[in-house]
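**Student:** predicted structure and sequence below. I'll ask about it afterward.
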Amino acid sequence: MAKPVCKKGEFRFSAIGLDHGHIYGMCSGLLDAGGELVSVYDKDPEKVNKFLKTFPGAKAAASMEEVISDPSIQLIACASIPIHRSSMGARAMLAGKDFFADKPAFVTLEQVEECRKVCRETGRKFFVYYSERLHVESAVYAEKLIKEGAIGRVIHMDGFGPHRHNPGIRPKWFYDKSNYGGIICDIASHQFDQFLYYTGAKKATVDFARTANYNNPRYPEFEDFGEVILTADNGATCHIRVDWFTPDALPVWGDGRTFIIGTEGYMELRKNINIGISNSGNHIYLCNQKECKYINASNTVGFPFFGRLIRDCLDRTETAMTQEHAFYAMELAIKAQNMAQFNDFLLR
């Protein structure tokens, strides 16, 4: 259990937009770190009622305006349909509140620039929930190993983000690319975040990007596969692969893995499952000049991001995530999406 980083009632936040289940992880992380969830708003009362069963301490707000205008609320967490997250964030910052958006926080470069501008002008903070690094303990532990020099200087990363499609339960907006930005903008934003963070890169170039539809003839414009190759300003390179092909037999939503190569060793993160060995997650395989070992990262380092976020909001510091990183990881993902060649590989 995380230790609260603030006094009771010192950090009050609300949730707006319940279109993605990530909002539950976002709110749970803030609560564990000592935040107080005050209210929730979504235009769909069924989503609100379900949310309140998990977080009964919150109250249902009658409108977004009720939340925005509440002077006691310091931060708004949002997991609305991706295309709307940017405008909600700008509105929240203009109202004097910090903002915590699910990824993808933006679907166009214009949205990135608009929120950058509002962020600068208001002095408010805009955080992005890159959950595959921030809320996965093996990923947090990998950060610790890198900082300790366990594999030397990071020179390459391979990031794999397979997801289960579940077409029977997907909302209509899920198949409208304008709503979520495309598979690279959406899923792969996690890998862009990890690559920049683990390598310490400030900028990167997209060398190659491709998307495809292999197996969804009902949705001819849908992207069920995507891959990207990057080169960072410090010379580090990266290959990203994301897809919607998690098979039904896998007991988790996706076999997410990250391979990180350094000048003195390498590590593999098996984030969600270790097939044939364990259905739990947070597995790390580390090999360097001194040892080769397995690490079970569960219940080791926790999730310090949420406490840092709260303290950043209260103290006006920048320890959880730099503002430039929050924006640039998404900017890079969108640039890769925009240049990606789409391939229709459907069998006719």
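**Tutor:** Received it, and whenever you're ready, just let me know what you need.
**Student:** poorly predicted segments of the protein, please.
**Tutor:** Along the chain, the parts satisfying pLDDT under 70 run over 1, 347-348.
**Student:** again, only this time at 90
**Tutor:** In the predicted model, the chain carries pLDDT under 90 at residues 1-3, 168, 220-221, 343-348.
**Student:** what packs against whichever helix or strand residue 145 is part of?
**Tutor:** Element membership of residue 145, judged by DSSP states H and E, is helix 137-147. Contact here means 3 or more C-beta pairs under 8 Å, 6 or more residues apart in numbering; DSSP states H and E; on that basis helix 137-147 packs against helix 131-134, helix 189-199, strand 257-262, strand 265-270, strand 283-288. For every residue, glycine as well, the C-beta is placed using N, CA and C.
**Student:** out of the ones you listed, which gets nearest to residue 327?
**Tutor:** Each of the helices and strands packed on helix 137-147 has some distance to residue 327 by C-beta to C-beta; the shortest is helix 189-199, at 11.2 Å.
**Student:** give me the packing partners of that closest one, helices and strands only.
**Tutor:** helix 131-134, helix 137-147, strand 154-162, strand 225-232, strand 237-243, strand 257-262, helix 323-339.
**Student:** hang on, the earlier thing: ok, which of the helices and strands packed on helix 137-147 comes nearest residue 22?
**Tutor:** Per C-beta to C-beta, nearest to residue 22 of the helices and strands packed on helix 137-147: helix 131-134, 6.2 Å.
**Student:** torsion angles phi and psi at the residue most central in space within the chain?
**Tutor:** Of all residues in the chain, the one closest to the mean position by C-alpha atoms, centre = their mean is residue 130, 2.0 Å from it. Here is the backbone geometry of residue 130 (degrees, to the nearest 10): phi -80, psi 80.
**Student:** so it sits against residue 189, correct?
**Tutor:** Yes: using C-beta atoms under 8 Å, residue 130 makes contact with residue 189 at a distance of 6.8 Å.
**Student:** what touches both of those two?
**Tutor:** Common neighbours of residue 130 and residue 189 (criterion: C-beta atoms under 8 Å, 6 or more residues apart in numbering): 103, 329.
**Student:** give me the residues contacting the helix holding residue 145.
**Tutor:** 132-134, 151, 154, 194, 197-198, 258, 260, 262, 267, 269-271, 281-284, 286, 295, 297-305.
**Student:** filter these down to the buried ones.
**Tutor:** With burial judged by 16 or more other C-beta atoms under 10 Å, the buried subset of these is 132-134, 151, 154, 194, 197-198, 258, 260, 262, 267, 269-271, 281-284, 286, 295, 297, 301-305.
**Student:** ok now stretch 98-109, how far from the chain's centre?
**Tutor:** Computed by C-alpha atoms, centre = their mean, to the nearest Å, the chain-centroid distance of stretch 98-109 equals 9 Å.
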